[in-house]
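Student: Give me a model of this one.
(chains A and B)
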Amino acid sequence: MPTLDEVPPGRKGRIEALSGPADLMQRLLELGIMEGEEVRVLTRAPLGDPIEIESTLTRLSLRKAEAAHIHLVLID
Amino acid sequence: MRLVLNPHKHTFMPTRTLTVALVGNPNTGKSTLFNALTGLRQHVGNYPGVTVEKKKGTARHGETEFQIIDLPGTYSLAPRSPDEMVSVDHLLGHIKDEPRPDVIVSIVDATNLERHLYLTTQLLDLGQPVVLAVNLIDRAKTLGIQIDYARLSERLGLPVVPVQANHGVGLDELKQAILTASERGSLPKPVPFPEPFRTELQALSKTLGPEVETYLVERLLLDVGGHTERQLSEKLGPTLAARLAEARDRLAAAGCAVPAVEARTRFGWIRQAVGDCITRPAIRPVTWSDKLDRVFTHKIWGTLIFLVLMFAVFEAIFVGAKPLMKLFSSGQGWVGEVVEDTMSPGPLRSLIVDGVINGVGSVLVFLPQIMILFAVIAVLEDCGYMARAAFLMDKLMAKCGLNGKSFIPLLSSVACAIPGIMATRVIENRRDRLATIMVAPLMSCSARLPLYTLLIGVFLSDPWWLPGVALFGLYMIGLIAAPLVALVLKRTLLRGETPIFVMEMPSFKVPQLRAVLRRMIGAGWAFVYRAGTMILASMILVWACLYFPVHMPDGRSYDVATEELRDEAKHLEGEEKDAKQQAANAMHGEWKRQSYLGRLGRWLEPTFTPLGWDWKIGMSAIASFPAREVIVGTLGIVYDQEEADEEENKKVEVADTPLAKTIKEEWSKDVQRGKYRIPTALSLLVFFALCCQCASTLAVIRRETRSWSWPAFTFTYMTVLAYVGALVTFQVGKLIVG
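Tutor: Below is the predicted model:
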């Protein structure tokens, strides 16, 4: 299953699972990044990291290392 | 309604007082609402033991007075640190001398209601009346979002008030709703969690006893490794940890794994409850904010705009503050002269002129920079650009263990570390913030320039390219040392897990002039009020060490005698005048050389020798503790010059100032310094590039960290670094020259 850091800008996916440290998970959850949500990768920072993503509930930036804890399936 | 007025004082006498807490996500306009409600009746304090600011204010509605508390913006009431715990403690009435709020106002963003209601549903669990203030209704309208407020209120079981805080729309209705909510006595219903969760919660509640509120038990169960878990484990020991682990295992087996169960339950409930209260256009329109975001985060355009903006920020602090700073220092000079003319020489006059007026002046001189930087920060934050700047710079800053938000504080520190350190408040993570504060004074600030120009002008002016290279090198020392020290700190003293960088990218909006002014004045006032006294005290201490002992061997006072010689010189002409003037300068120099600080310098001479300094240089370096640039003046005095005039040292041909000439002559006379003039000058320059001879910086660190140990640590590590740097510079230079 791909993780969010591997998703190229412009592509969308549906979140299947979250993993990682408790504080990261909780921050993602309270911002509405949770199982079943669709997220789109908007862009990457000029130096390649972090990335900017958007879901129906939020638009945020996170580091690739953090995005690697978000497992999803790509949709179109 | 009738106002109860005191006929004698004409002041408002409330018949009752209500305590109201404002809670909301960052970027919801919570502060705008707070300001709109309270106007200028505000007060900023601190919670004990943490760095969170406590903002309180009062508002009136009929005969009722509201005591309003503006709690820090947060996405959730799931505390992971003592700083985050403050809000929960305050809402539960656990803060000493702070009453429990009678009503909680939950402020949410009309354009993103579902996300914001998450925090609201947590507030429902606290067992106090909650009023929902739906802000930014204007923007929701432009986006084509329609909200049925009556239905929303019915579904949530809460009074709902639409407001547009920046235009003062809906404030009276909000105040009325708060009043009604406090009287009605009916409490909101919490969001129902799944059965297995409720069972575990009840069982855990029973074990912990009635003194632990249900909300805290809920947090204990949900927040893995959170603050409540740590706090209660300390109190109740390892049995709790085992119990908790078992309960969480059972929940996972029942399909309610923590922490996901909370988000799933709350968001699920919210979507079901409010789904048909909100109508959105079928296709979300692309807003100008979306377009701006695309440009600002663009690889090329984004970077370009960022560089131009940062240059503008830097110029604004560096150049924009200059006229005001000049005004302050000439004002200080003028006041000093007036006092000097009206009082007779003696310890009191010297204390007022050299201690107090100087001290107050050196506090005020920072104000323009602080206020300009905070105005800029307020604009950048208010309009939403700050998050984009952090996004662009994060990778670079992550390399030295910091994050994107450290960039602007460090950049500002190139102008002056004081506003830079105050600007670190935008960094939420405590360790990242501390690391940024610790290295900010390493950036080469503008106060180092007088010494740089003086010594470079005197010793490094040939060939033509050398001054530029030397100055560049000195700036590079800071630029290289700061990331390295940050890296070391993050690996040792401030070690810990990498803090999360998940950051909301707020929509762009037009910044509000009033909010910007408020921020600017607030920062200036905080600096004067909280750091000013310490700066003043250090100035007076150093003044005393340079003033006493004041008695000459023949019983006269140095200051009286010097003044007499100077007065006599005024009435003379030509060579006689010069001779008298020189005698006065010599006496002034002798006075300072025999002062306590002079004696300390001589006593410490062995430690200065390896740096290539004599005791005069060492003493001047110590005397510059209040502020680096003071060294130029002190050098002037110990070398029997008139106190070096600032204007004189800013001349293009620095080498032509009398002080420069004297230093050159004096160092040539000395055998060692004559031969190693350039290594000595370089060693002094390197020392001042790295040291923390700046009482104001230390005072601000003390204020921002609420502890004496961090300023003490900063001073120690920087002085050691400076000493070693100067030592290496001189010894290597000596080898090359010799």
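
Student: tell me the contacts of the most centrally placed residue in chain B?
Tutor: Among the residues of chain B, the one closest to the centroid is B:Met422, at 1.6 Å (Cα atoms, centre = their mean). Listed by Cβ atoms under 8 Å, 6 or more residues apart in numbering or on different chains, the contact set of B:Met422 reads B:370, B:373-374, B:523, B:526-527, B:700, B:704. C-betas here are computed from N, CA, C, even on glycine.

Student: From the chain's centroid, how far away is the helix or strand encompassing it?
Tutor: Using DSSP states H and E, B:Met422 falls within helix B:417-422. With Cα atoms, centre = their mean, to the nearest Å as the basis, helix B:417-422 stands 6 Å off its chain's centre.

Student: So is the longest helix seen in chain A next to chain B?
Tutor: Longest helix in chain A by number of residues (criterion: DSSP state H): helix A:22-30. Yes. Applying Cβ under 8 Å from any Cβ of the partner chain, one finds that helix A:22-30 is in contact with chain B at A:22-30.

Student: Can you say which of those are buried?
Tutor: The neighbour-count test (16 or more other Cβ atoms under 10 Å in any protein chain shown) marks A:23-30 as buried among the residues of helix A:22-30 next to chain B.

Student: what's the average pLDDT for the longest helix of chain A?
Tutor: Averaging pLDDT along helix A:22-30 gives 92.

Student: Who are the packing partners of it?
Tutor: strand A:12-18, helix B:260-274 (3 or more Cβ pairs under 8 Å, 6 or more residues apart in numbering or on different chains; DSSP states H and E).

Student: Identify the residue spatially nearest to residue 27, adjacent ones excluded.
Tutor: If you meant another chain, say so; for now it's chain A. B:Val502 (4.9 Å; Cβ to Cβ, 6 or more residues apart in numbering or on different chains).

Student: My question was about chain B, not that one.
Tutor: B:Pro506 (4.1 Å).

Student: again with B:Pro99
Tutor: Nearest to B:Pro99 is B:Thr19, by Cβ to Cβ, 6+ apart, at 5.0 Å.

Student: before we move on, what about B:Glu229?
Tutor: For B:Glu229, ignoring the flanking residues on the chain, the nearest one in space by Cβ to Cβ, 6+ apart is B:Leu220 at 5.7 Å.

Student: mind checking which helix or strand the one you found is in?
Tutor: Counting by DSSP H and E, B:Leu220 is found in helix B:214-222.

Student: continuing past that helix, what's the next helix or strand?
Tutor: helix B:227-236.

Student: how about that following helix: buried residues?
Tutor: Neighbour-count burial for helix B:227-236, counted by 16+ other Cβ under 10 Å, picks out B:227-232.

Student: CA-only coordinates of that helix in PDB, if you can.
Tutor: Output of helix B:227-236 as PDB, limited to C-alpha atoms (Å, rounded to 0.1, in the frame of the first residue of the first chain):
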ATOM      1  CA  HIS B 227      -0.100  14.900  29.800                       C
ATOM      2  CA  THR B 228      -2.900  13.400  31.900                       C
ATOM      3  CA  GLU B 229      -1.300  10.000  31.700                       C
ATOM      4  CA  ARG B 230       2.100  11.300  32.900                       C
ATOM      5  CA  GLN B 231       0.600  13.400  35.700                       C
ATOM      6  CA  LEU B 232      -1.600  10.600  37.100                       C
ATOM      7  CA  SER B 233       1.000   7.900  36.700                       C
ATOM      8  CA  GLU B 234       3.300  10.000  38.800                       C
ATOM      9  CA  LYS B 235       0.600  10.100  41.500                       C
ATOM     10  CA  LEU B 236      -0.700   6.600  41.300                       C
END
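
Student: and it, what does it pack onto?
Tutor: Contacts defined by 3+ Cβ pairs under 8 Å, 6+ apart place helix B:227-236 against helix B:82-92, helix B:214-222, helix B:238-253.

Student: Now tabulate the helices and strands packed on helix A:22-30 in JSON lines and tack on mean neighbour count, distance to B:Gly157 and mean pLDDT.
Tutor: Compiled in JSON lines, the helices and strands packed on helix A:22-30 are given as follows (neighbours: other Cβ atoms under 10 Å in any protein chain shown; distance: least, Cβ to Cβ, whole Å; pLDDT from 0 to 100):
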{"stretch": "strand A:12-18", "mean neighbour count": "17", "distance to B:Gly157": "30", "mean pLDDT": "95"}
{"stretch": "helix B:260-274", "mean neighbour count": "19", "distance to B:Gly157": "9", "mean pLDDT": "95"}
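
Student: Distance to B:Ala681 added to these, as TSV?
Tutor: Below are the helices and strands packed on helix A:22-30 laid out as TSV (distance: least, Cβ to Cβ, whole Å):
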stretch	distance to B:Ala681
strand A:12-18	59
helix B:260-274	63
